[in-house]
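> my questions concern the predicted model and sequence given below.
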Amino acid sequence: MNHDTVIVLDFGAQYSQLIARRVRECKVYCEILPFNASLDKILEKQPKGIILSGGPASVYAKGAPHVSKELFELGIPVLGICYGIQMISYGMGGKVQKAAKREFGLSPLKIKDHRSLFAGLPSTLQAWMSHGDHVTKLPAGFKVLASTANCHLAAAVNEQKRIYGIQFHPEVVHTEKGTKIIENFVRKVCLCRPTWNMDAYEKTAVHQIREQVGNGRVICGVSGGVDSTVTAALIHRAIGNQLSCVFVNNGVLRLNEAEQVVAMFKKNLKIPLHYVNAEKQFLDLLHNVSEPEKKRKIIGRTFIRVFEKAAKDQQRKKGKFDFLAQGTLYPDVIESVSVKGPSAVIKSHHNVGGLPKDLKFKLVEPLRELFKDEVRELGERLHIPYDLLWRQPFPGPGLAVRLIGPITRLELDILRRADAVVQEEIKKAGLYHSIWQSFAVLTPLKSVGVMGDERTYENVCVIRAVHSTDGMTADWVKLPYDLLGRMSNRIINEVRGINRVVFDITSKPPGTIEWE
Ligand code: XMP
């Protein structure tokens, strides 16, 4: 089935992806394109509506992002948000000026017209504002729909052209009934059908995988994380045993992690998994390496070598592979001017476990259109256990970047056991799913202690816990003192080699989430 599509043109707003997600929550397919996408490229998508995102620029500033005026003559409904309404005004002959007072935060929005965009909404609602410029004169043919105390032209429409502009941000949760406003735009103005959901997505994806792969064979590297597991499960549903999955133990996994991944594939998913225990190979190469980027490079390179060998072994047994499956998500592929999703940024900085581009496989990337929360929803449909779907992110180089200084097997083992205590206690306290990442770090720093009557001289362990929405920024979590106390007691009592536990109270920026 063809789904109706809405396009978000991105002017560099931090909220562009959020707009797209809100549209999709209305069961309408939505894609993001850069503001300067050509009209042809936009029309190729056959959009039933176009949303102009916010952005940090001033429309009159030198080099400010602009859209072509023809966009407003296509006969396709347009909704301009924040910078978007200023763009409409600029492009259609209105006026934009610096506001006397910058407006930031919640303002009561008084709605004057309850048709279409504001249908079914109260006469006043709290709207989230974040702007320095505002529209001071609407283009001809526009009328005001809503105002705030500081911003008379907070929402406006040209009914004949079905072009709407709003100065506030309906996509953020702070705006009351914001999703309803977006829903009104896509359903009542653009007349999109609500057909986009994970049921439909799964069926289409299964069909497309079958079409793409034909009788070919697919190899998929799995890490035990959400993306690769959902990728494997979806492809397996489509082509069954034409798929081979490979899981590499790189020696820097957490306590019992390899066993858990193997058991999950076998018991829950019933997908055959080729388990490669390459611990020795990785740890021999990592032995005594201290420099973080060197650790990453060794792990990255070795992974490629091990994976290629595993692929060859499997090919000998089962026949040639034609395709490589990857758990690429939508934020990684958005061609956009705004800050990309965390995974894209992380990958460009220090990706490990990625495969080289010249690998002689064609790619199967069935999650390319999905946001992370949609991947989780799809994962639920594919019977992937809840705990895995909501697992905290874990970096590719694993414990190697949480063991500060030279890597030794002994110290990795100490860290692994301390980390297990942190995981266990955070879970017991019911905090695991509300925290972005929580873990232990082992430092090479030694301090003096007493245990019983004996002097000890052992390593300092750090507890780290952060709240974040995308890994780009993070706040340290104010863990309850008694929980910190329990973790500290248990680590010192149960893990030989640690005699002092400290708690990291650094946010990002200026710190980073990982210590290396
Ligand atoms: P930082 O430490 O840069 O981490 O604040 C941000 C997020 O990225 C994860 N991270 C990595 N993920 N390979 C990965 O796949 C890496 O080399 C890597 N380094 C950091 C980190 O766990 C956090 O979620």
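Sure, I can see it. Residues are numbered from 1 along each chain as shown.
> tell me where the stretch 201-350 of the chain has strands.
Along the stretch 201-350 of the chain, the segments classed as strands by DSSP state E, counting those that start in this stretch run 218-222, 243-249, 273-277, 323-325.
> pLDDT score for the residue nearest to Ile239 when sequence neighbours are not counted?
Across the structure, with Cβ to Cβ, 6 or more residues apart in numbering as the measure, the residue nearest Ile239 apart from its sequence neighbours is Val213 (5.5 Å). Every C-beta, even on glycine, is put in place using the N, C-alpha and C of the backbone. You'll see Val213 listed with a pLDDT of 98.
> wait, Val213 sits on Gln242?
Yes. The pair Val213 and Gln242 passes the contact test of Cβ atoms under 8 Å, sitting 6.5 Å apart.
> tell me which helix or strand of the protein sits lowest on mean pLDDT?
For the chain, the helix or strand with the lowest mean confidence is helix 342-350, at a mean of 38 (criterion: mean pLDDT, DSSP states H and E).
> and the strands in the stretch 401-516 of the chain?
Ranges of strands within the stretch 401-516 of the chain are 437-451, 454-467, 475-476, 498-503, based on DSSP E, counting those that start in this stretch.
> now the longest one, how far from the chain's geometric center?
Here strand 437-451 shows a centroid-to-chain-centroid distance of 31 Å under the convention Cα atoms, centre = their mean, to the nearest Å.
> in the longest helix seen in the chain, what counts as buried?
In the chain, taking DSSP state H as the definition, the longest helix is helix 292-318. Buried residues in helix 292-318, defined by neighbour count with 16 or more other Cβ atoms under 10 Å: 292, 295-296, 298-300, 302-303, 306-307, 310-311, 314.
> and the ligand, which of the residues you listed contact it?
Checked against the ligand using Cβ under 6 Å from any ligand atom, the buried residues of helix 292-318 yield the following neighbours: Arg296.
> distance of the closest residue to Arg464 other than its chain neighbours relative to Glu291?
With Cβ to Cβ, 6+ apart as the measure, Asp504 is the residue that lies nearest to Arg464, at 4.6 Å, once sequence neighbours are left out. When distances are taken as Cβ to Cβ, to the nearest Å, Asp504 and Glu291 turn out to be 21 Å apart.
> who's more crowded, these two?
Asp504 (15 against 12; other Cβ atoms under 10 Å).
> follow-up on the earlier one: the strands of the stretch 201-350 of the chain: which one's closest to the ligand?
Proximity of the strands of the stretch 201-350 of the chain to the ligand was assessed by Cβ to the nearest ligand atom; the nearest stretch is strand 218-222, lying at 13.3 Å.
> please identify the buried residues of that closest one?
Neighbour-count burial for strand 218-222, with 16+ other Cβ under 10 Å as criterion, is recorded at 218-222.
> who does that strand pair with, and is each partner parallel or antiparallel?
Each strand pairing with strand 218-222, determined using DSSP bridges, is listed with its direction: strand 243-249 (parallel), strand 323-325 (parallel).
> same list (these) but as a markdown table, adding mean neighbour count, mean pLDDT and distance to the ligand.
Rendered in a markdown table, the data for the strands paired with strand 218-222 read as follows (neighbours: other Cβ atoms under 10 Å; pLDDT from 0 to 100; distance: least, Cβ to the nearest ligand atom, whole Å):
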| stretch | mean neighbour count | mean pLDDT | distance to the ligand |
| --- | --- | --- | --- |
| strand 243-249 | 23 | 97 | 14 |
| strand 323-325 | 23 | 96 | 18 |
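> now those strands as JSON lines including distance to Leu484?
Shown next, in JSON lines, are the strands paired with strand 218-222 (distance: least, Cβ to Cβ, whole Å):
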{"stretch": "strand 243-249", "distance to Leu484": "32"}
{"stretch": "strand 323-325", "distance to Leu484": "41"}
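> what's the closest of these to Val78?
Ranking these by proximity to Val78 (Cβ to Cβ) places strand 323-325 first, at 37.9 Å.
> got the contact list for the closest one?
212-213, 216-220, 231-232, 235, 243, 355, 359, 361-366 (Cβ atoms under 8 Å, 6 or more residues apart in numbering).
> next: stretch 103-120.
79, 121-131, 134, 143-151, 154-155, 157, 164, 166, 168, 174, 180-181, 184-185, 188-189.
> centre of the chain versus stretch 407-421, how much separation?
Here stretch 407-421 is found 29 Å from its chain centre; the criterion is Cα atoms, centre = their mean.
> wait, I meant stretch 75-90
Taking Cα atoms, centre = their mean, the mean C-alpha location of stretch 75-90 is offset from the chain mean by 27 Å.
> and that stretch, end to end?
With Cα to Cα, to the nearest Å as the measure, the ends of stretch 75-90 fall 18 Å from one another.
> for it, give the mean pLDDT please.
Here the mean pLDDT over stretch 75-90 is 96, rounded to a whole number.
> now swap in stretch 169-188 and tell me
Mean pLDDT, computed over stretch 169-188, is 96.
> mind listing residues that contact it?
Under the contact criterion Cβ under 8 Å, 6+ apart, stretch 169-188 has outside partners 6, 15, 18-19, 22-23, 25-26, 28, 48-49, 51, 54, 77, 79, 81-82, 106, 116-122, 125-130, 164, 166, 168, 192, 194.
> before we move on, what about stretch 142-151?
Residues lying outside stretch 142-151 but in contact with it, judged by Cβ under 8 Å, 6+ apart, are 92, 94, 99, 101, 103, 107-113, 117-118, 127, 129, 131, 134, 138, 152-159, 163-168.
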